[in-house]
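Asker: Provided below for reference: sequence and predicted model.
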Amino acid sequence: MIYIKRTTACGFLELQLIEQTLKWPAPPTSVTAVNQSTSPYTSSYIFQNPRTSYSVGDIISVVITARDGLNNSKVYGGDFFQAKLFNTELKASVYGEVVDHLNGTYTANFKLLWAGQANVAIRLIHSSEAVEVLLRHRERDPDKVFFTGVFRGLNQQEIVVCNAQRSERLLKASHCCCEYRHPITGESWICRRPNHLPCSAWVDHGMGGYQAQLSKLESTLLQSTYTNKNLPGEDIAVNVSHRDLDLGMNVMCAPGLDTPLPAGFYLHDNWMSLMCRTQSFHTANQIAACLKDKQVLMMGDSTLRQWYEYLLKTVPTLKQLNLFTSAKSGPFEAVDTANNIRLVWRAHGLPIRTSLTPRADLHYIVSEVDALAGGQHSVVVFTIWAHFTTFPLATYLQRLAGIRRSVLALLQRAPQTLVLIKSANTGYKDIYGSDWLSWQLDCALRVMFRELPVVIIDVWQMTSCHYLPDNIHPSYKVIKNEVDLFLSFVCPR
């Protein structure tokens, strides 16, 4: 177990320890054909130690055996599986923990949480060989996504390539480079030097394009034929009898609570948290009463923008101001004068894949948090992961370390401030944003913030086990459950 000290800094040693914690088992040798990789068609699972009867609260396990495309049993681990229990009629489901035994077998453990039938589903998201491709390109090819910078003078404009790191492709221009260092974090943003305009003329940021260079085998390993596929296995369905249990739902929702495993479950399409006593906010008046006299600052990506949009749509007394900003990157602001509510969403700063946006509108999270007085009427929510999946892990850890310092300073000067962190969610399945890449960043974030009195809203489990297909932008019903969980911490009972 790694202990991250409660200091104002996250030192080099701590960052190294986090990197070591996230180290993933690699295949012992490189494959030369896709049929040597773990196959979702030949791998399977069986029920472990089945019993004649089960009750709510019991644990069941299944054993997964990984095999390659030639039906040979694998002798090493590293495959990325996701597992769930579900009942279609009840719209019930729960996330299952998968344990890698590093020998080609895995155990998926499930807690039985509703009365009635429960069925097992196991998905191979990526083979260990595909994970190795993702890892290699994450660390060695940071500009597989590139960005553009618009430089503007009185009567001229130049557009150049920009990115978060120096690389051969970025530096190949004859003029290099304009480097911009963030005044708080020291992080760099680098653009090719324009031919005629000075570095100070940079005004707009935008998405450039995708340029990953994969071999034919690497591309095949990541094809949908072998990605995100349900495994064949025993037709495992258990009938669960009712039993009254204290499942932890009587604890008041407050910062600093550990995230249990599972963190909750769906029943009738409603998320039942096992972390604390959550509420369902069915009406606009309930939401407005919860947010009354609150200033809510949301910072992140489009998955958190969905929360802002949900609240705006659901609460008619929240009126959005026209700030004449980017439709994708904001910032956006809405107010409810009758209830004294101020709601702000803004992008988390660079890097961000977005349409052309004034760089002046792209504030880093640390800048916003450091400028915040905080207090009992302040609610800070942030998420940061989806736009970092193409960069080396160290780049993300550096950003998190800066945010952690700023959040800790905020809580020291204004301890009544409520700080919440939305976790990553499932969705992407490719070289630019695979679930495995997101999962790695999400684990790093949880380790970085676990010693601080903040709230982590675990939406990974909520999206991983839902009956709808994975989507980087979850459905309205999932977003409602996410926002209900968020509001349960804003106005706990």
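Answerer: All right, it came through fine. Numbering: from 1, shown residues only.
Asker: quick one: the helices in the stretch 251-400 of the chain?
Answerer: 284-291, 302-314, 365-370, 393-413 (DSSP state H, counting those that start in this stretch).
Asker: between the ones you listed, which one is nearest to I431?
Answerer: Counting by Cβ to Cβ, I431 lies closest to helix 393-413 out of the helices of the stretch 251-400 of the chain; the figure is 15.8 Å. C-beta coordinates here come from the backbone N, C-alpha and C atoms, glycine included.
Asker: in the longest strand seen in the chain, what counts as buried?
Answerer: Using DSSP state E, we find that the single longest strand of the chain is strand 116-126. Residues of strand 116-126 classed as buried by neighbour count (16 or more other Cβ atoms under 10 Å): 116-118, 120-126.
Asker: just to revisit the earlier point, any chance of the helices of the stretch 251-400 of the chain in JSON lines with mean pLDDT as columns?
Answerer: Shown next, in JSON lines, are the helices of the stretch 251-400 of the chain (pLDDT from 0 to 100):
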{"stretch": "helix 284-291", "mean pLDDT": "98"}
{"stretch": "helix 302-314", "mean pLDDT": "98"}
{"stretch": "helix 365-370", "mean pLDDT": "98"}
{"stretch": "helix 393-413", "mean pLDDT": "96"}
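Asker: Most tightly packed of those helices?
Answerer: helix 365-370 (a mean of 21; mean count of other Cβ atoms under 10 Å).
Asker: Nearest the middle, which residue of the chain would you pick?
Answerer: Taking Cα atoms, centre = their mean, the centroid of the chain lies closest to A424, which sits 1.3 Å from it.
Asker: how close does that residue get to Q461?
Answerer: From A424 across to Q461, the span is 11 Å (Cβ to Cβ, to the nearest Å).
Asker: tell me which element I18 falls in.
Answerer: Element membership for I18 (DSSP states H and E) is helix 12-21.
Asker: buried stuff in that helix?
Answerer: Buried residues in helix 12-21 (16+ other Cβ under 10 Å): 14-15, 18.
Asker: And for stretch 99-114?
Answerer: Neighbour-count burial for stretch 99-114 [16+ other Cβ under 10 Å]: 100, 104-114.
Asker: As a markdown table, these with secondary structure, pLDDT and distance to T389 would be great.
Answerer: Below are the buried residues of stretch 99-114 laid out as a markdown table (DSSP: H, G, I helix; E, B strand; the rest coil; pLDDT from 0 to 100; distance: Cβ to Cβ, whole Å):
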| residue | secondary structure | pLDDT | distance to T389 |
| --- | --- | --- | --- |
| D100 | strand | 97 | 21 |
| G104 | coil | 98 | 27 |
| T105 | strand | 98 | 29 |
| Y106 | strand | 98 | 24 |
| T107 | strand | 98 | 28 |
| A108 | strand | 98 | 25 |
| N109 | strand | 98 | 27 |
| F110 | strand | 98 | 28 |
| K111 | strand | 97 | 30 |
| L112 | coil | 97 | 34 |
| L113 | coil | 97 | 31 |
| W114 | coil | 97 | 34 |
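Asker: quick check, nearest of those to G256?
Answerer: G256 has its nearest neighbour among these in K111, at 23.2 Å by Cβ to Cβ.
Asker: coming back round to it: what lines up beside the very next helix or strand once past the helix holding I18 in the sheet?
Answerer: Next along the chain after helix 12-21, taking DSSP H and E as the criterion, comes strand 44-48. When pairing is defined by DSSP bridges, strand 44-48 lines up against strand 59-65 (antiparallel).
Asker: Now do the helix or strand just after the strand it pairs with: everything it contacts.
Answerer: Next along the chain after strand 59-65, taking DSSP H and E as the criterion, comes strand 80-87. If you take Cβ atoms under 8 Å, 6 or more residues apart in numbering as the criterion, strand 80-87 is touched by 62, 64, 92-98, 106, 108, 110, 112, 114, 116-128, 130-131, 426, 435-436, 439, 464-465, 467.
Asker: go again using 6 Å as the cut-off
Answerer: 93-96, 98, 108, 110, 116-119, 121-126, 131, 436, 464-465 (Cβ atoms under 6 Å, 6 or more residues apart in numbering).
Asker: and if you look at stretch 201-217?
Answerer: 144-153, 353-354, 356-359, 431.
Asker: nearest to I403, of the buried residues of stretch 99-114?
Answerer: Nearest to I403 among the buried residues of stretch 99-114: D100, at 29.8 Å, using Cβ to Cβ.
Asker: what's around the closest residue to the closest one other than its chain neighbours, how many residues?
Answerer: In this structure, D100 finds its nearest non-sequential neighbour in G77, 4.2 Å apart by Cβ to Cβ, 6 or more residues apart in numbering. Neighbour count for G77, taken as other Cβ atoms under 10 Å: 20.
Asker: Who are the contact partners of G77?
Answerer: By Cβ under 6 Å, 6+ apart, G77 lies in contact with 25, 100, 102.
Asker: Please name the residues that touch the last one.
Answerer: Neighbouring residues of L102 by Cβ under 6 Å, 6+ apart: 25, 77.
Asker: Now do the same for it: its pLDDT.
Answerer: Here, the pLDDT recorded for L102 equals 97.
Asker: Tell me how far it lies from Y308.
Answerer: Between L102 and Y308 the computed distance is 42 Å (Cβ to Cβ).
Asker: Also D58?
Answerer: Per Cβ to Cβ, D58 is found 40 Å from Y308.
Asker: now do G256
Answerer: The value you get for G256 to Y308, if Cβ to Cβ is used, is 25 Å.
Asker: before we move on, what about L400?
Answerer: For L400, the distance to Y308 equals 22 Å [Cβ to Cβ].
Asker: so where is the protein shaky, pLDDT-wise?
Answerer: By pLDDT under 70, the weakly predicted segments of the chain are 1-12, 173-175, 248.
Asker: try it again with 90
Answerer: For the chain, the stretches flagged by pLDDT under 90 are 1-21, 52, 142-143, 165-176, 233-237, 244-250, 450-451, 493.
Asker: does the residue in it sticking out farthest from the centre sit in a helix or strand, and which one?
Answerer: The C-alpha centroid of the chain is most remote from N155, which lies 42.5 Å away (Cα atoms, centre = their mean). For N155, there is no enclosing helix or strand under DSSP H and E.
Asker: residues contacting it?
Answerer: Contacts for N155 (Cβ under 6 Å, 6+ apart) come out as none.
Asker: and the gap between it and L197?
Answerer: 11 Å.
Asker: same deal with S438?
Answerer: Applying Cβ to Cβ, the value for S438 to L197 is 37 Å.
Asker: who has more neighbours, these two?
Answerer: Set S438 next to L197 and count neighbours by other Cβ under 10 Å: S438 wins out with 22 against 19.
Asker: any idea which element the more buried one lies in?
Answerer: S438 belongs to helix 435-449, assigned by DSSP H and E.
Asker: for that helix, packing partners?
Answerer: Applying 3 or more Cβ pairs under 6 Å, 6 or more residues apart in numbering; DSSP states H and E, one finds that helix 435-449 contacts helix 128-140, helix 393-413.
Asker: what about 10 Å?
Answerer: Judged by 3 or more Cβ pairs under 10 Å, 6 or more residues apart in numbering; DSSP states H and E, helix 435-449 is in contact with helix 12-21, strand 80-87, strand 116-126, helix 128-140, helix 393-413, strand 418-422, strand 455-457, helix 459-464.
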